[in-house]
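A.B. asks: I need the structure of the sequence given here:
(one chain, ligands or ions: 2)
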Amino acid sequence: MSDGLKGIKTVRDFELKGKTVFLRLDLNVPMDKEGNITDETRITASLPTIKYCFEKGAKIIIASHLGRPKTSADRQYSMEPVAKRLGELLDLEVVLMEEPDSEGVKHILYGPMKNQIICLENLRFDQGEVENSTELAVMWTSYADIYINDAFGASHRAHASISALPEMMQEKGVGFLIEKEIKMLDGLFDKPQKPYIAVLGGSKVSDKIPVIEKLINVVDGFVIGGAMAYTFLKAQGVEVGKSLVEADKLKYAKEMIERIEARGKTLLLPVDHITSQAFGDTKNIRVTTNHQIKENEIGLDIGPKTIELYKKYLAEAKTVFWNGPMGVFETTEFSKGTFAIAEVMAANPGTMIVGGGDSAAAAEISGFADKMTHISTGGGASLEYLQGERLPGLEVLRKRKQSESSTSTPTF
Ligand code: ADP
Ligand code: MG
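C.D. replies: Ligands and ions are numbered 1, 2, ... in the order given. The predicted structure is shown next:
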């Protein structure tokens, strides 16, 4: 594992009154074509840190990226709707700054700033952000006293607002969201309550191998669904028709089954499926009677018997980590398996953690999100963290500023 929060300050450790805080948030929310925010989880998850800084009398500059714009002319990626929503939720005036190096920012910062906070335009409107530009970072240091990273979902990227900027700052730390994320994710490896079950699904085994390799040491059992299940079933010689199978991972799947058995752990695979003849095909849906699938069919969700089996097993768990939907949940006809997992977790009083972008979205849509212990907002970052990778955005916060550490080294 990584070192968690070791050596990293949190927003609580700073005297914020009158100071300008550069608050890197992950406000990268999904939007529809009309620019309406379709899921504001990341905004609401960011509120505690903003409110804390505001209540402590800090001057706040919020910075985030949004989508993947190519240039600042890609106006559909403007932070405008986000800034507007933030203003409503905080009941403050959120001033959107087109040009981060404009006199406007300084003008506002040096004024009284009563009920205002600043929000910079989409960081990725400037190419320097993804290039980890020092120049951009220097410009920000001209007005920031304290750097706080609360953008867990962006902390696996060495971008200017995540890496170059804190590299140059002396006063830096994390916000409440990252603190919670790390504590929750570390808790999955540090004396989790048993029985501990990992529910894995989603599209590819290959995406999940590093996580499986970490989890195999700590969990009591795996529950497998989604497209991933078909590689495992096929490895056992089961007919899976046209279902998604990763041919180059069959050997891995076979070995993994053996390793799980050798350790006396449980592995549950689907015993029936909801199938159809193509991805978007809702006309030829069939519920199989066992784990075999016909030649012209694709498995698109776990079947009712599997749901019952998984629900029963998960009801006994004290800790569950879930990553990866059980089926193509984006289509109603293939969403039952995924929502059933969300339901049984919601009813379980144990530690129930959801990770992964699509899984978090599925948990939200299921209506059971607020019953989970924690839904990671990190998407890819949470998986990288769980795999034991060091996130650039966290590592830089452990480091002292270059000049500072060199002067403190005694020279003989
Ligand atoms: P997460 O983002 O939570 O880590 P993944 O990205 O690994 O999850 O997987 C999500 C995707 O897996 C969804 O888009 C879903 O449609 C797809 N999926 C789930 N089951 C199947 C299946 N049986 N066949 C094809 N795709 C599937
Ligand atoms: Mg995904």
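A.B. asks: by mean pLDDT, which helix or strand of this protein comes out lowest?
C.D. replies: Least confident helix or strand, the chain: helix 402-408 with a mean of 50, by mean pLDDT, DSSP states H and E.
A.B. asks: report the contact partners of the residue of the stretch 201-350 of the chain found nearest ligand 2.
C.D. replies: Proximity of the stretch 201-350 of the chain to ligand 2 (CB to the ion) peaks at G202, 6.4 Å away. For the C-beta atoms, the positions are set from N, CA and C on the backbone; glycine is no exception. The neighbours of G202, taking CB atoms under 8 Å, 6 or more residues apart in numbering as the test, are K208, G226, A227, M228, N323, G324, P325, G356, D358, S359.
A.B. asks: just give me the neighbour total for the residue of the chain found nearest ligand 2.
C.D. replies: In the chain, no residue comes nearer to ligand 2 than D358, which is 4.0 Å away by CB to the ion. By the measure other CB atoms under 10 Å, the count of residues near D358 is 18.
A.B. asks: look up how far L215 lies from it.
C.D. replies: Per CB to CB, to the nearest Å, D358 is found 18 Å from L215.
A.B. asks: so which elements touch the lengthiest helix in the chain?
C.D. replies: Secondary structure of the chain per DSSP state H: the longest helix is helix 41-55. In terms of contacts (3 or more CB pairs under 8 Å, 6 or more residues apart in numbering; DSSP states H and E), helix 41-55 is packed against strand 20-24, strand 59-63, helix 80-90, helix 176-187.
A.B. asks: need those in a markdown table with mean neighbour count, can you?
C.D. replies: Shown next, in a markdown table, are these (neighbours: other CB atoms under 10 Å):
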| stretch | mean neighbour count |
| --- | --- |
| strand 20-24 | 25 |
| strand 59-63 | 25 |
| helix 80-90 | 18 |
| helix 176-187 | 21 |
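A.B. asks: can I get the ones you listed in JSON lines including mean pLDDT and distance to D150?
C.D. replies: Output for the helices and strands packed on helix 41-55, formatted as JSON lines (pLDDT from 0 to 100; distance: least, CB to CB, whole Å):
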{"stretch": "strand 20-24", "mean pLDDT": "97", "distance to D150": "7"}
{"stretch": "strand 59-63", "mean pLDDT": "96", "distance to D150": "10"}
{"stretch": "helix 80-90", "mean pLDDT": "97", "distance to D150": "13"}
{"stretch": "helix 176-187", "mean pLDDT": "95", "distance to D150": "5"}
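A.B. asks: which stretch among those comes nearest K70?
C.D. replies: helix 80-90 (18.1 Å; CB to CB).
A.B. asks: give me the contact list for that closest one.
C.D. replies: Outside helix 80-90, the residues touching it (CB under 8 Å, 6+ apart) are 27, 29, 31, 35-37, 40, 43-44, 47, 50-51, 54, 62, 64, 66, 92-96, 117, 119.
A.B. asks: could I have the ChimeraX command that selects the buried members from the residues you listed?
C.D. replies: In ChimeraX, a selection of the buried entries from those looks like this (16 or more other CB atoms under 10 Å):
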select :27,29,31,37,40,43,50,54,62,64,66,92,94,95,96,117,119
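A.B. asks: near ligand 2, from the contacts of helix 80-90?
C.D. replies: The subset of those within reach of ligand 2, counting by CB under 5 Å from the ion, is empty.
A.B. asks: from A229, how far off is K208?
C.D. replies: Per CB to CB, K208 is found 12 Å from A229.
A.B. asks: compare those two (neighbour count), which wins?
C.D. replies: Neighbours were counted for K208 and for A229 using other CB under 10 Å; A229 has more, 31 against 24.
A.B. asks: surely the more buried one touches L268?
C.D. replies: No - look at A229 against L268 with CB atoms under 8 Å: they stay out of range, at 9.7 Å.
A.B. asks: tell me where the model's unsure across the stretch 101-250 of the chain.
C.D. replies: Applying pLDDT under 70 to the stretch 101-250 of the chain flags the ranges 112.
A.B. asks: for ligand 1, what are the nearby residues on it?
C.D. replies: Residues of the stretch 101-250 of the chain that fall close to ligand 1, judged by CB under 6 Å from any ligand atom: G201, G202, S203, D207, G226, A227, L244.
A.B. asks: how near is the nearest residue to the third one once chain neighbours are set aside to I118?
C.D. replies: What that stands for is S203. Nearest residue to S203 in three dimensions, chain neighbours excluded: A227, at 4.9 Å (CB to CB, 6 or more residues apart in numbering). Distance, A227 to I118, using CB to CB: 44 Å.
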